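J.: Return atomic coordinates for the entry below.
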Amino acid sequence: MACFLVVAGEAAVTTVVQKVIEKKEKQPGSEIKNISGLSWSRKLGWLNKMLWGGTLLLALEHVWHGEVVPWWPFLTAMENPADIAPMLHEMATVGGAMAVTVTVVWVIMVLIAEARLKASAKVNTAGTGV
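T.: Got it, this is the predicted structure:
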């Protein structure tokens, strides 16, 4: 029904956070430390791409099935007051689970990327005799 709105909400928040962090990273003497070589704004960019891409696909799927329409109230579940409670339940359970799952996958992805960068740095320093 409207589970994609939860993911879209998280995407909107993380996009704002990414823009704020990008601005802080560009300032001289930035307080944001970049230990692994991957900036926080870049990592958040990955999360944003995953969230916005998922939102787009889910929204298209909901349009395809007639759950989202181009006229008010846009969500067919909002037309009947009896359908609002199940819609909110679905948003909380399914939408919340999707948002958490995408975020957990992103955390794992960031951890793997940082581990690979650290391993690559060790190999490069070992090969130079430093």
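J.: I'd say W46 and M109 touch.
T.: Yes. W46 is in contact with M109 according to Cβ atoms under 8 Å; the separation is 6.7 Å. Using the backbone N, CA and C atoms, a C-beta is placed for each residue, glycine as well.
J.: Report the residue spans of the chain with pLDDT below the cut-off.
T.: 30-36, 126-130 (pLDDT under 70).
J.: Would you map the helices across it?
T.: Using DSSP state H, the helices of the chain run over 4-26, 40-64, 84-90, 96-128.
J.: Looking at these, spot the one closest to L75.
T.: For those, proximity to L75 was assessed by Cβ to Cβ; helix 84-90 is nearest, at 6.9 Å.
J.: what packs against that closest one?
T.: Helix 84-90 is packed against no helix or strand, with contacts defined by 3 or more Cβ pairs under 8 Å, 6 or more residues apart in numbering; DSSP states H and E.
J.: No further queries at this time; thank you.
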